[in-house]
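1. sharing a model that was predicted from the sequence below.
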Amino acid sequence: MTCIVGLIDNGVVYMGADSAGVSGLSLSVRADEKVFINSSFIMGFTSSFRMGQLLRYSLKPPKFHPDSDLNEYMVTDFIDAIRDCLKKGGWATKDKETERGGCFLVGYRGNLFKIDADYQVAIPVQAFDACGCGADIALGSMYSNSTLSPLDRVRQALEAAELFSVGVRHPFVVKQIGIVE
């Protein structure tokens, strides 16, 4: 299910999401949004609405110290808080000593990160990324629509994903966040 698209433009992170809830061959269009702002983070999730609810309402992101390395913070302090939040909320899984969560995008301090189910933190070389079943379609759109405004790029990528993926549906929600100290 889902298409989440993130884009960095001039220190602002734009993030958009569709509204599909998919289970097998069943589709529901949901009013609860897949993209949101938590403290000074913008997040967009796939995998599970429960995971997204925990990230939105239960996660208390740890304080970042500006003299610290942002990537180190993300792969240590931030991911430790995510793991604790998902475990406490009953959503994380563990199999053969390996923990698994879900996939989501995070924008923070003008940067974009993709958190994968194994809690790795990916940093895209391009100024954009996507996740969910419509990700490949959205990425192609993002690559080819670089002359549009940031909001239009994100919207067009979601529209392309909806056109070519059965797990993506409007309405689309697009939010943005600048660098928050």
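-> Received, thanks. Numbers count the residues shown, from 1 in each chain.
2. ranges for the strands of this structure?
-> 4-9, 12-17, 20-23, 26-29, 35-38, 41-45, 93-95, 98-100, 104-108, 111-115, 121-122, 128-131, 173-177 (DSSP state E).
3. excluding chain neighbours, what is closest to the residue nearest in space to the middle of the chain?
-> For the chain, the residue nearest the mean C-alpha position is residue 105 (2.4 Å; Cα atoms, centre = their mean). Spatial nearest neighbour of residue 105, chain neighbours left out: residue 6 (4.4 Å); criterion: Cβ to Cβ, 6 or more residues apart in numbering. Any C-beta I mention is one placed from the backbone N, CA and C, and that applies to glycine too.
4. how about residue 108?
-> Per Cβ to Cβ, 6+ apart, closest to residue 108 is residue 41, 5.0 Å.
5. residue contacts, the one you found?
-> Applying Cβ atoms under 8 Å, 6 or more residues apart in numbering, we find residue 41 in contact with 61, 106-108, 177.
6. okay, these in JSON lines with distance to residue 16 and neighbour count next?
-> Shown next, in JSON lines, are those (distance: Cβ to Cβ, whole Å; neighbours: other Cβ atoms under 10 Å):
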{"residue": "61", "distance to residue 16": "21", "neighbour count": "19"}
{"residue": "106", "distance to residue 16": "14", "neighbour count": "24"}
{"residue": "107", "distance to residue 16": "11", "neighbour count": "27"}
{"residue": "108", "distance to residue 16": "17", "neighbour count": "22"}
{"residue": "177", "distance to residue 16": "13", "neighbour count": "18"}
